[in-house]
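Undergrad: Pasting the sequence and the predicted model now:
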Amino acid sequence: MTKATWNGFTLAESNETINIEGNQYFPPYSLNMEYFKKSDFHTTCHWKGVSSYYDIVVDGKVNKDAAWYYPEPKEGSTEKVGSDFSNYVAFWKDVDVR
């Protein structure tokens, strides 16, 4: 079971993560959505497409843009990964994933 935690709280937990470039992407149904707030921040990956971000809000503390996902991965990227990773969420910025 792979788990993402921050500030002592479990953000996501799943046996069905997808490893992409060393990051574990969690299926959307595995997220504890009470800790996620949509961000206006976006980035672009040359082969995965445009990513959207979430702020993580736990116990009154905010970890800005600490989670990202691809709502509509670029054409051909799901084939490259080997599965559809639409809306799967990955973490950074001190979120512990193990």
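TA: In hand now; what should we look at? Numbering: from 1, shown residues only.
Undergrad: what does the model give Ser39 for pLDDT?
TA: Here the pLDDT value assigned to Ser39 is 98.
Undergrad: Thr5 too?
TA: 98.
Undergrad: again, but for Ala67
TA: At Ala67, pLDDT is 98.
Undergrad: So it sits against Lys37, correct?
TA: No. Using C-beta atoms under 8 Å, Ala67 is not in contact with Lys37; the gap is 9.9 Å. (Each C-beta comes from the backbone N, C-alpha and C, glycine too.)
Undergrad: If you count surrounding residues, which of the two has more?
TA: Using other C-beta atoms under 10 Å, the more surrounded residue of Ala67 and Lys37 is Ala67, with 26 against 14.
Undergrad: circling back: so what sits against both of Ala67 and Lys37?
TA: 54, 56 (C-beta atoms under 8 Å, 6 or more residues apart in numbering).
Undergrad: how about the strands in the protein?
TA: Ranges of strands within the chain are 2-6, 9-14, 18-20, 23-25, 36-45, 49-58, 61-69, 89-91, 96-97, based on DSSP state E.
Undergrad: Across the sheet, point out what pairs with the most centrally placed residue in the chain.
TA: The chain has Val89 as the residue nearest its centroid, 2.0 Å off, counting by C-alpha atoms, centre = their mean. Val89 has the following beta-bridge partners by DSSP bridges: Phe26, Tyr69.
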